[in-house]
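Colleague: here's my sequence, what's the structure:
(chains A and B)
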Amino acid sequence: GQNIDQPTEMTATEGAIVQINCTYQTSGFNGLFWYQQHAGEAPTFLSYNVLDGLEEKGRFSSFLSRSKGYSYLLLKELQMKDSASYLCAVRDPNAGGFKTIFGAGTRLFVKA
Amino acid sequence: EAGVAQSPRYKIIEKRQSVAFWCNPISGHATLYWYQQILGQGPKLLIQFQNNGVVDDSQLPKDRFSAERLKGVDSTLKIQPAKLEDSAVYLCACRSGGAYEQFFGPGTRLTVL
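Modeller: Model (predicted):
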């Protein structure tokens, strides 16, 4: 089966660091995405990991362990504008057309 | 480059009525997706096109939903007849060949009463 798990909600303080975890079980794996989605808006691309390890991009970093079926998104120096949902998604080559399967998302609340 | 355009942005209909959504992807992006996103959930793929051919429509409720992508550019998604559980945001996304990132449109928020 296909299953992607992330925490439903998280709260963190402005200026702090937060780690959003994602575990997945899919029939195949060809990469993992993180998207950011502000309320009422479209998802926007944050990162794509296909190999194990940490990818850093400014305040955001994404980690992948394929053997553990695990990823996390690390947000540093949190800002109020980082309050959004963060979607973990897996690209499955065994699904027609390399389907991207999304998790339900983690709603992050950043407080002052 | 211009982004993904969708219309309408909002639509309210009664159950059993019909509705259609339109999407204009980024120029040159051959792959086009329609997703359904119910409140509090992640996007669920309904149908994927490669140019004007269907690649995956395994999760499209074909008894009521239909989609087409004439000439491999614009696409329309239709629901006929609508049910209460179709209330959701319908997102259109596109991807260029060889790239991984999908670009999403602003979505159409459908409310079925």
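Colleague: ok, the helix or strand of chain B with the lowest mean pLDDT near chain A or not?
Modeller: The weakest-scoring helix or strand in chain B, judged by mean pLDDT, DSSP states H and E, is strand B:53-56 (a mean of 91). Yes: residues of strand B:53-56 are located near chain A by Cβ under 8 Å from any Cβ of the partner chain, namely B:55-56. (Glycine included, C-beta is placed from N, CA and C.)
Colleague: show the subsequent helix or strand relative to that strand.
Modeller: Remark: after strand B:53-56, the chain's next helix or strand is strand B:65-68, criterion DSSP states H and E.
Colleague: which parts of the next helix or strand after that following strand are buried?
Modeller: As assigned by DSSP H and E, the chain's next helix or strand after strand B:65-68 is strand B:75-79. The neighbour-count check on strand B:75-79 (16 or more other Cβ atoms under 10 Å in any protein chain shown) flags B:75, B:77, B:79 as buried.
Colleague: tell me what strand B:75-79 is packed against?
Modeller: strand B:19-24, strand B:31-37, strand B:44-50, strand B:65-68, strand B:88-95 (3 or more Cβ pairs under 8 Å, 6 or more residues apart in numbering or on different chains; DSSP states H and E).
Colleague: output those strands in JSON lines; the columns should cover mean neighbour count and mean pLDDT.
Modeller: What follows is the helices and strands packed on strand B:75-79, written out as JSON lines (neighbours: other Cβ atoms under 10 Å in any protein chain shown; pLDDT from 0 to 100):
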{"stretch": "strand B:19-24", "mean neighbour count": "19", "mean pLDDT": "97"}
{"stretch": "strand B:31-37", "mean neighbour count": "23", "mean pLDDT": "96"}
{"stretch": "strand B:44-50", "mean neighbour count": "21", "mean pLDDT": "94"}
{"stretch": "strand B:65-68", "mean neighbour count": "18", "mean pLDDT": "97"}
{"stretch": "strand B:88-95", "mean neighbour count": "23", "mean pLDDT": "96"}
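Colleague: looking at those, which is nearest to chain A?
Modeller: strand B:44-50 (4.9 Å; Cβ to the nearest Cβ).
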